[in-house]
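J.: Okay, predicted coordinates and the sequence, questions at the end:
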Amino acid sequence: MSIIEINTKKRVDVFALSIYGLVIFPKALGHIDDAVSDLFDRLDKRVMPIPTILA
C-alpha cells in the first residue's frame, strides 16, 4: 500500500464519518430537518423509509 492509497482511504473515511455525523446528530448544527425527523418516526413504526430518504 502506498502513501497515496492511505491518504485516499483516510479522506473517504473522514467524508463518510462527517456524513454519518450530520445524519445522526443534526442538532449540532442547531436544527433538525423535517425529513430527518419524519424518517426516524417511520423507522419507529417499521414503515419502509425509501421515499423519505429520497426526499
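T.: All right, it came through fine.

J.: quick one, longest helix in the chain?
T.: Looking across the chain with DSSP state H, the single longest helix is helix 3-24.

J.: lowest confidence element among the helices and strands of the protein?
T.: Ranking every helix and strand in the chain by mean pLDDT, DSSP states H and E puts helix 50-54 at the bottom, with a mean of 63.

J.: Next, count neighbours for residue 45.
T.: Neighbours of residue 45 under the rule other C-beta atoms under 10 Å: 8. Every C-beta, even on glycine, is put in place using the N, C-alpha and C of the backbone.

J.: same question, residue 35
T.: So residue 35, with other C-beta under 10 Å, has 12 neighbours.

J.: what's the answer for residue 42, then?
T.: When neighbours are defined as other C-beta under 10 Å, residue 42 has 16 of them.

J.: pLDDT value on it, please?
T.: With respect to pLDDT, residue 42 scores 70.

J.: Could you do residue 11 as well?
T.: At residue 11, the model reports a pLDDT of 80.

J.: Over to residue 31?
T.: If you check residue 31, the pLDDT there is 63.

J.: Please shift the residue numbers so they start at 59 in all later answers.
T.: That works, and once the first residue is 59, the last one we named lands at residue 89.
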